[in-house]
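Participant: Quick one, fold the following:
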Amino acid sequence: MTAHELYGRESAIRIVEDLVGTGATGGGALMVRGQAGVGKSSILAAARARADARGMGVLSTTGVYSEMDLPFAGLHQLLQPLLADIPGLPALQRDALEGAFGMSDGVAPELFLIALATLELLADAGSRTPVLVIAEDVQWLDPSTSEVLAFVARRVSLEPIVLLAAIRDGWASALGTADLRELRLDPLAIYTMRVDGGDRRLVTRARRSLGALDWQPVR
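Facilitator: The predicted structure follows:
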């Protein structure tokens, strides 16, 4: 996806693409915020496309309303590609993360050690190839995962890790209140267009790019 394929979001696309471009030399974190249907997922998709084009690794998790009460469900989804690296972690971090994921019979996991283990796994992966971490629908991530990702987001500036998250307006989340750099997406201005004949295809394409917004052509 390129900026010209997402109408009215060229500036936002440039911001996330520039952030992804920093992954090779140092990381960063950004929260995309806006109402439902405003285009947050499209912005994340553009970031993923840029990361893929640069040969970066991409790890992602998506909040699911039905899993909000399952501790570390979102984190497990995010780290699935790195589970084989857990045995190489320092013992305390390894035991904590394995306990969180039900991979051992250890004591109740300590959140701080789980967050450290997550950062260690991501940094190790980033040492092989820069990593883009995507967290979508943060408002529905379980609180434990949000806490861990907030911890990571505040510590990626010196690592080859870029963390990009998106949250819906009106929802509370530890990651949403982590004082990250923020990209605010407001509804696009919609202009009434008169179309007929061959122009109808262009308007249909524009309407698809604008997303779930109320739009009606003039008849």
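
Participant: what's the spacing between residue 57 and residue 73?
Facilitator: The gap separating residue 57 from residue 73 is 22 Å, by CB to CB, to the nearest Å. Placement of C-beta: from N, CA and C, glycine included.

Participant: how about the helices of the protein, start to end?
Facilitator: Assigned by DSSP state H, the helices in the chain fall at 10-21, 40-53, 73-79, 91-100, 111-128, 143-153, 200-210.

Participant: Break this structure into its domains for me.
Facilitator: 3-188, 190-219 (automatic domain parsing).

Participant: Tell me the gap between the first one and the middle of its chain.
Facilitator: Relative to its parent chain, domain 3-188 has a centroid offset of 5 Å by CA atoms, centre = their mean, to the nearest Å.

Participant: So which helix or strand of the chain has the lowest pLDDT on average?
Facilitator: helix 200-210 (a mean of 45; mean pLDDT, DSSP states H and E).

Participant: before we move on, back to that, for residue 173, which of the helices of the chain is the nearest?
Facilitator: helix 143-153 (4.8 Å; CB to CB).

Participant: tell me the mean pLDDT over the closest one?
Facilitator: The average pLDDT within helix 143-153 is 96.

Participant: Then stretch 17-25?
Facilitator: Confidence for stretch 17-25, expressed as mean pLDDT, is 83.

Participant: Point out where this protein drops to low pLDDT.
Facilitator: Scanning the chain for pLDDT under 70 picks out 1-7, 107-108, 189-219.

Participant: which one is residue 185 nearest to, not counting chain neighbours?
Facilitator: residue 34 (3.5 Å; CB to CB, 6 or more residues apart in numbering).

Participant: Send me stretch 129-136 as CSV with only the CA atoms.
Facilitator: What follows is stretch 129-136, C-alpha atoms only, in CSV (Å, rounded to 0.1, in the frame of the first residue of the first chain):
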residue,chain,number,x,y,z
THR,A,129,16.7,-8.2,11.7
PRO,A,130,14.8,-5.0,12.8
VAL,A,131,11.3,-5.8,14.1
LEU,A,132,8.0,-4.1,13.7
VAL,A,133,5.5,-4.8,16.5
ILE,A,134,1.9,-4.2,15.7
ALA,A,135,-0.9,-4.1,18.3
GLU,A,136,-4.3,-3.6,16.8
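
Participant: Can you give me the buried ones in that stretch?
Facilitator: 130-136 (16 or more other CB atoms under 10 Å).

Participant: Stretch 86-94 now?
Facilitator: For stretch 86-94, by 16+ other CB under 10 Å, it's 86, 89, 93-94.

Participant: So which residues make contact with that stretch?
Facilitator: Applying CB atoms under 8 Å, 6 or more residues apart in numbering, the set of residues contacting stretch 86-94 from outside is 97-98, 103, 113-114, 116-117, 120-121, 124.

Participant: Now that we have those, which of them are buried?
Facilitator: Here, 16+ other CB under 10 Å leaves 97-98, 113-114, 116-117, 120-121 buried among the contacts of stretch 86-94.

Participant: Roughly how far does residue 21 sit from residue 88?
Facilitator: For residue 21, the distance to residue 88 equals 29 Å [CB to CB].

Participant: Fine by me, thanks again.
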